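Engineer: Return a 3D structure for these sequence lines:
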Amino acid sequence: MNNESVSAVFWLAGERAVRLLDQRALPADERYILCHEVEELAQAIENMTVRGAPAIGIAAAYGVALAAVKGGRGAVPAAMERLARTRPTAVNLFTALERMKRCFEAEPRQEGEALFKALLAEATVIHEEDIAGNRRMGAFGARLLPEEAVVMTHCNAGAIATGGHGTALGVLRSAREIGKKIVKVYADETRPLLQGARLTAWELSRDGFDVTVIAEGMAGALMSRTRIDAVIVGADRIAKNGDTANKIGTYGLSVLAKAHGVPFYVAAPWSTFDLNAATGRDIPIEERAEEEMRLLPNGVRLPEPIHVWNPAFDVTPAGNIAAIITERGVFRAPYVFE
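Structural biologist: The predicted structure follows:
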């Protein structure tokens, strides 16, 4: 079954609302929610109903159009400000909002239906460009894999984290679809919210891939005992020097890959690059609520005197990255992005 029939973000024209795949419910339940108001959409981004840097940007773009249809021109600036506060690390969010802002300001006298249609058209273009870019990225990345590839990935950088096809998982899809390659995947569980186990494994299995879930702590042992041809991950922000922010645990996986001689690849669209960030030290790292880690798998809750540190992302230094795969091609160190 083709996973691209599942859309994480979709503008529902009849309802004039944003439809989101509720990724909190996966893999047990494939359900959708409708956001009729900007605040509903902002909360859906914050609570990770929708997640993945490109998908967040697309959802926010549709959110600006939603503001126009619900509150007119006067509601748009406040909507953009609210959406910008949802997730600080994913630069695609701010890239999309900047495009929507330019569209909004291009016709200062535009009102009503004309304004809504202009903003919706721009959001639709952002969505379509992401899908097309993912396919180009996938074709470039597929060339890096052998005919029978064993790949490890972390978190979820698939069709449901993007407009469609996916970044890291898009490379795997393209390797199979275009290159006719055989791809076996090991998916890190990705604690604490289990995006690897809940989302990547579901998405790949649904597409007929041979996928095995491991906990992060098993990655080194697996690399020492099994042939791994590549690690491929997505990204939420890439600095000018190639340092890359991605889901927490990515940095540790890159260290293990380097120690075992496994090439570590990052797959991300150009919208993920932040050329205002000179290095990874300039990337803001979101810290999420302690509550996400207080409830243990056995149902026991950590008592309050025990502290919790819960960063959502870490930064992988450019020196650990063998190549960065984009829709513009494959880049290798030394990374100097302009």
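Engineer: element containing the residue nearest to Glu327 when sequence neighbours are not counted, please.
Structural biologist: Nearest in space to Glu327, with sequence neighbours left out and distances taken as Cβ to Cβ, 6 or more residues apart in numbering, is Gly133 at 3.7 Å. No exception for glycine: its C-beta is placed from N, CA and C like everyone else's. Using DSSP states H and E, Gly133 sits within helix 112-142.
Engineer: Can you give me the distance of the residue of the chain most remote from its centre to Gly217?
Structural biologist: Note on the chain: the largest C-alpha distance from the chain mean falls to Arg109, namely 35.3 Å (Cα atoms, centre = their mean). Distance of Arg109 to Gly217, computed by Cβ to Cβ, to the nearest Å: 59 Å.
Engineer: List the contacts of Asp29.
Structural biologist: Asp22 (Cβ atoms under 8 Å, 6 or more residues apart in numbering).
Engineer: Could you grab the helix/strand/coil label for it?
Structural biologist: Following DSSP: H, G, I helix; E, B strand; the rest coil, the label given to Asp29 is coil.
Engineer: What of Val211?
Structural biologist: The local conformation at Val211, judged by three-state DSSP, is strand.
Engineer: my read: it touches Leu204, true?
Structural biologist: Yes: under the criterion of Cβ atoms under 8 Å, Val211 makes contact with Leu204 at 4.3 Å.
Engineer: what residues do the two have in common as contacts?
Structural biologist: In contact with both Val211 and Leu204: Val185, Ala187, using Cβ under 8 Å, 6+ apart.
Engineer: how about low-confidence regions in the stretch 151-300 of the chain?
Structural biologist: Scanning the stretch 151-300 of the chain for pLDDT under 70 picks out nothing.
Engineer: if I look at the residue farthest from the centre of the chain, how far off is Leu115?
Structural biologist: Taking Cβ to Cβ, one finds Arg109 at 9 Å from Leu115.
Engineer: Same question for Arg173.
Structural biologist: 37 Å.
Engineer: next one: Leu34
Structural biologist: Separation of Leu34 from Leu115 (Cβ to Cβ): 22 Å.
Engineer: need the contact list for the residue nearest to the spatial centre of the chain.
Structural biologist: Centroid-nearest residue in the chain: Gly52, 2.5 Å away (criterion: Cα atoms, centre = their mean). Residues in contact with Gly52 (Cβ under 8 Å, 6+ apart) are Ala8, Asn156, Ala157, Gly158, Ile160, Ala161, Thr162, Gly234.
Engineer: Quick check: pLDDT value at it.
Structural biologist: The score at Gly52 is 95. That number is its pLDDT.
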